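Peer 1: For reference, the sequence and a predicted model appear below.
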Amino acid sequence: MTYRFKHGATADNLNLLLSTLERLHHIKDLHSLLDSILQESRSFTQADAGSIYLRNGLTLRFSYVQNDTLFRNDLLCNKYIYSNQEIDIDEKSLAGWVAKTGTPLVIDDVYEIPPGAPYTFNRSFDEISTYRTKSILVVPLKSSLEEVVGVIQLINALDGEGKPIPFTEEMTLFIAQFAFHAAVAIERALTLRDQVLRIVKLSELRDPEETAAHVYRVSSCATEIYLSWAERHSVPRAESDKMKDMLRIASMLHDAGKVGIPDSILRKKGKLTPEEFEVIKQHPVFGAKLFENANSEWERLAWEIMLNHHEHWDGNGYPGKEGGVGKKGNEIPLSARIVAVADVYDALINKRVYKDAWEEEKVFHYLRQEAGKHLDPELVAIFFDIHPVIRAIQDKWQAEGTA
């Protein structure tokens, strides 16, 4: 949906702001929220491009990017979301200066910043991408305690013919007000993320494989596979956005049930005995019990994923249905089938206590081999279609503790 800022139409703009904030209020996942905040900000101002940086100590971490000119025809543009770029909070960049001062910044042409200005424009991205940044609006994201938690940077407001024009004073005031409420929503999403990560941390204390980096990789891969699946199946944008929001959070908890497995089995480096494997096969049931009284949609999705992500497409997975028969094919919820692909890939491509990391070609061979047996063949095909995005996710969260 496209929203156009109306110059001087105060009532219409206020209604636009309120309706947008209402939508943001329902978004739980941080990444989905950042995507929406940036998209809404660009829609308000007809900005061609933009990015969001979140504060990380004394630096700003590049957290989300959109660019219609560069990415419009790039079906794999989501790989740019997973950049690890950071910039210092200082006057060497426009975003750094805004984060340092907490003051919005509007520039009609960044190539004509006068000498002696307290900030500078870094031309490196334009030079690498052949993009031409002209007008720019940078607004701080301030928390309820007036602390800068990040920055929204909007690039090249466009006129009716698609030509860059300056951002107006009204746009600046509107986006500054929007940014305040967006920052509060970001605080809320960060709180939920931290709560989920506490459960992950508890699992990590028991199972050395269940790390924050692992669950970030699995949840991000699962989300990207779902978005590609949704596009293939013509799922309405509102529906896919809602599912994306819930799936990223819920899938982070896929193996939380391992807290119910004895250490002697979880931490065993050798091959498990048949009896020990039967115990391991109970962890989906233990995990599902954490959310059996779920009172929200994302919690119900977490229950669904935890219970079913070890079911196999051919019916030979676990824990199965009543009577011990495994669920098969489309009997397995889509969410769990997606997480299964993401989890298997991540487990094989990374080093584990019981195995070294596999070479990527070996992983690819295994996934193709398991399509139609362990894994949903359509989802495996989608995995390969979007592999550049999957690779970017691996690169971003390769280091322990990266958030």
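Peer 2: That came through, no problem.
Peer 1: contacts and neighbour counts: CA atoms only from here.
Peer 2: Will do.
Peer 1: any low-confidence regions in this protein?
Peer 2: 1-22, 72-84, 208-210, 323, 353-354, 399-403 (pLDDT under 70).
Peer 1: Quick one: the strands in it, in order.
Peer 2: With DSSP state E as the criterion, the chain has strands at 47-56, 59-67, 86-88, 105-107, 136-142, 148-158, 164-165.
Peer 1: Now do stretch 91-105: distance from first to last residue.
Peer 2: 12 Å (CA to CA, to the nearest Å).
Peer 1: And it, what's buried?
Peer 2: E91, S93, L94, A95, G96, W97, V98, A99, K100, G102, P104, L105 (16 or more other CA atoms under 10 Å).
Peer 1: what's the distance between it and the middle of its chain?
Peer 2: Chain-centre distance of stretch 91-105: 25 Å, with CA atoms, centre = their mean, to the nearest Å.
Peer 1: With stretch 329-338 instead?
Peer 2: With CA atoms, centre = their mean, you get 21 Å for stretch 329-338.
Peer 1: List of residues touching it?
Peer 2: 222, 225-226, 247, 301, 304-306, 308-315, 375-376, 379 (CA atoms under 8 Å, 6 or more residues apart in numbering).
Peer 1: Going by neighbour count, which residues of that stretch are buried?
Peer 2: Buried residues in stretch 329-338, counting neighbours by 16+ other CA under 10 Å, are found at G329, I332, P333, L334, S335, A336, R337, I338.
Peer 1: what's the answer for stretch 364-382, then?
Peer 2: By neighbour count on 16+ other CA under 10 Å, the buried set for stretch 364-382 is 364, 367, 370-377, 379-380, 382.
Peer 1: nearest to G150, of those residues?
Peer 2: I382 (33.6 Å; CA to CA).
Peer 1: Please enumerate the helices of the stretch 101-250 of the chain.
Peer 2: For the stretch 101-250 of the chain, applying DSSP state H, counting those that start in this stretch gives helices covering 124-129, 169-206, 212-232, 237-250.
Peer 1: how far does the second one sit from the chain's center?
Peer 2: So the one you mean is helix 169-206. With CA atoms, centre = their mean as the basis, helix 169-206 stands 12 Å off its chain's centre.
Peer 1: And that helix, what does it pack against?
Peer 2: For helix 169-206, the packing partners by 3 or more CA pairs under 8 Å, 6 or more residues apart in numbering; DSSP states H and E come out as helix 10-25, helix 30-45, strand 136-142, strand 148-158, helix 212-232.
Peer 1: now for the ones you listed, which one comes closest to I261?
Peer 2: Across the helices and strands packed on helix 169-206, closest to I261 is helix 212-232 (CA to CA), at 18.6 Å.
Peer 1: Give the other helices and strands that that closest one contacts.
Peer 2: Right, helix 212-232 is packed against helix 169-206, helix 237-250, helix 334-349, helix 377-385, helix 387-396 by 3+ CA pairs under 8 Å, 6+ apart.
Peer 1: Taking helix 334-349 as reference, get the angle to that helix.
Peer 2: 130 degrees (axes from the mean of the first three to the mean of the last three CA atoms, to 10 degrees).
Peer 1: Please report how far G57 lies from V149.
Peer 2: 10 Å.
Peer 1: no, scratch that, I was asking about S124
Peer 2: Plainly put, S124 is 25 Å away from V149 if you go by CA to CA.
Peer 1: Looking at those two, which is more packed in?
Peer 2: Neighbours around S124 and V149, counted as other CA atoms under 10 Å, are more numerous at V149. The numbers are 21 against 9.
Peer 1: Okay, the more buried one and L70: tell me how far apart.
Peer 2: The value you get for V149 to L70, if CA to CA is used, is 28 Å.
Peer 1: again, but for G324
Peer 2: 52 Å.
Peer 1: Can you get me a residue count around S32?
Peer 2: 19.
Peer 1: same check, this time on the one 10 residues further on
Peer 2: The number of residues packed around R42, counting by other CA under 10 Å, is 26.
Peer 1: ok, now V151?
Peer 2: So V151, with other CA under 10 Å, has 29 neighbours.
Peer 1: Now for the residue nearest to L137 when sequence neighbours are not counted: which residues touch it?
Peer 2: Nearest residue to L137, sequence neighbours excluded (CA to CA, 6 or more residues apart in numbering): V106, at 4.7 Å. With contact set as CA under 8 Å, 6+ apart, V106 has these partners: S135, I136, L137, V138, F167, T172.
Peer 1: With A288 instead?
Peer 2: A288 touches G257, A302, W303, E304, M306, L307, counting by CA under 8 Å, 6+ apart.
Peer 1: which one is the second one nearest to, not counting chain neighbours?
Peer 2: Nearest residue to A302 in three dimensions, chain neighbours excluded: A250, at 4.3 Å (CA to CA, 6+ apart).
Peer 1: doesn't H309 make contact with the one you found?
Peer 2: No: using CA atoms under 8 Å, A250 makes no contact with H309, being 11.9 Å away.
Peer 1: Hmm, S51 is touching I152, no?
Peer 2: Yes: if you go by CA under 8 Å, S51 and I152 touch, sitting 6.1 Å apart.
Peer 1: Please say which of those two ends up with more neighbours.
Peer 2: I152 (27 against 24).
Peer 1: any idea how far T59 is from the more buried one?
Peer 2: Counting by CA to CA, the separation of I152 from T59 is 15 Å.
Peer 1: Likewise for A49?
Peer 2: 22 Å.
Peer 1: now do Q39
Peer 2: For Q39, the distance to T59 - CA to CA - is 24 Å.
Peer 1: Straight-line length of stretch 278-286, end to end?
Peer 2: Termini of stretch 278-286 sit 13 Å apart (CA to CA).
Peer 1: now swap in stretch 245-264 and tell me
Peer 2: End to end - CA to CA - stretch 245-264 spans 36 Å.
Peer 1: what do you get for stretch 377-392?
Peer 2: By CA to CA, the extent of stretch 377-392 from end to end equals 23 Å.
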